[in-house]
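Novice: Based on what follows, work out the 3D shape:
(chains A and B)
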Amino acid sequence: MWNWWYDRQGAIQTSGFDFLKDFPRFLVLLFAWQRFTEEDWGVVPLGQPGHTFTCDNGVEITIVKDKSLIHRPYGILGRGTTVLQATSTCGELKDVPLVVKFSCPEESRTPETEILDDIQQRASLLPVVADHVLHYTAAKTTDYLTSHIRERLKLKTEGARKLTIVVFKKLEGDIPNLDGIEMWEAGYQIYKCGFFFHTFTRSPPNAATLQAITHFGRLASNTGTSAPPI
Amino acid sequence: MFKRIDDKIRGYLIDFDLASLVGCESHNLDRTGTIPFMAIELLQSVAPVRHTFVHDAEALCWVILWLAVQYAAGERVDSSFKGWQMADARTCFKKKLAVLQELDRYPFTKPNEYLQEPIRGLLDKFDTYIYQKRKSRGEVPVPDIDGWMEECNNAIMAKVSIAEETQGHAL
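Specialist: The predicted structure is shown next:
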């Protein structure tokens, strides 16, 4: 008998044993399984329909009971980004449709919340951009890490994935589902934003940013063919 | 994603979980992209090139050209770019340069005709941009399309003068 454990990082196989010759060991395994909680089996209880949890900023979020699923990829490997509909009873979020994004990015990556914080800070410079980025409403840090089991088994932990939960206000739909001029308009707005985020690397008030922005000013207003000073 | 606000469409940039901050060490040194649609500069270079928004914009133009020349109302009616899917980066690079030389040999199909002039114009601009970049071996100004860069630039300069003023007071 061989046991396999699958998670977002990959599969782990145990060495095999003969459950007739080694019956006591088999019994112990069965008893261990009997005592497994849902979480031990790999279920994320926070993502179950109707479940309520509190985010890091104190906001309480409830996953919608019926038809909560918006997006879930096939397969067991990788980030496995799952988006569910949710609601909240907290103050101004009451009656606002929300979505919760569960995903398992690699732990070595910059967390999405950190990138969104940075983006928020930079976007505040420019109304053209600020209107087209959505800051997160809440986030929840979890201690689910695929490296835990690998550390215990003394396996390589490289490429470990961490479960992250981010809450956003719900939007209407995907741009590719729009038709004609509306699709172009929305796409063009997004493209402009992409341009800004490639151009700004920091936000004021620091001297390096001012330099970067003035440099960009020259870059954008320079219509000749000579290269701008760097 | 999008949202309608007062009947006006508003696009949203989302999904930053695979984003990295500009200047941070990249996790991925491979050329990521679908070869037939990749920017010429990325296809040409053997050494890693910093992937920027200009490459994304160029890729979008290739996608539109691909669709608008070969498809009419969802049906493939022409196969001008046959073989591009299977071609390697180098071959695709050469094929793209050849297309840029004779853009008028690739007419857009009936329902897409209104896109023909703008897309050809943009591809022309990218062509010049790539040429200048290669000639100067450095940064060259990104082509300003529709004057929107100037519009954005003005917005930034307004903020800069405010920031400079406050900094001046602090000194």
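Novice: Before we move on, what's the pLDDT of residue B:163?
Specialist: According to the predicted model, the pLDDT of residue B:163 comes to 59.
Novice: no wait, residue B:104
Specialist: According to the per-residue confidence, residue B:104 scores 89 in pLDDT.
Novice: how long is stretch A:52-67 from one end to the other?
Specialist: From the first residue to the last, stretch A:52-67 extends over 16 Å; the measure is CA to CA, to the nearest Å.
Novice: got the buried residues for that stretch?
Specialist: Neighbour counts over stretch A:52-67 (16 or more other CB atoms under 10 Å in any protein chain shown) mark A:53, A:55, A:59, A:61-64 as buried. Every C-beta, even on glycine, is put in place using the N, C-alpha and C of the backbone.
Novice: need those residues in a markdown table with pLDDT, secondary structure and distance to residue B:61, can you?
Specialist: What follows is the buried residues of stretch A:52-67, written out as a markdown table (pLDDT from 0 to 100; DSSP: H, G, I helix; E, B strand; the rest coil; distance: CB to CB, whole Å):
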| residue | pLDDT | secondary structure | distance to residue B:61 |
| --- | --- | --- | --- |
| A:53 | 92 | strand | 45 |
| A:55 | 93 | coil | 42 |
| A:59 | 92 | coil | 43 |
| A:61 | 93 | strand | 41 |
| A:62 | 93 | strand | 45 |
| A:63 | 94 | strand | 41 |
| A:64 | 92 | coil | 40 |
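Novice: so which of those residues comes closest to chain B?
Specialist: The shortest distance between chain B and any of the buried residues of stretch A:52-67, using CB to the nearest CB, involves residue A:55 and amounts to 17.4 Å.
Novice: ok, for that closest one, nearest residue in space, not its chain neighbours?
Specialist: Closest residue in space to residue A:55, ignoring its immediate chain neighbours: residue A:138 at 3.7 Å, by CB to CB, 6 or more residues apart in numbering or on different chains.
Novice: Tell me who's in contact with the residue sitting nearest the centre point of chain B.
Specialist: Nearest to the mean C-alpha position of chain B, by CA atoms, centre = their mean, lies residue B:57 at 1.4 Å. Contacts were defined as CB atoms under 8 Å, 6 or more residues apart in numbering or on different chains; by that measure residue B:57 touches A:191, B:122, B:126.
Novice: need the contact list for the residue nearest to residue A:55.
Specialist: When contacts are counted by CB under 8 Å, 6+ apart, residue A:138 is found next to A:55-57, A:59, A:61, A:166-167.
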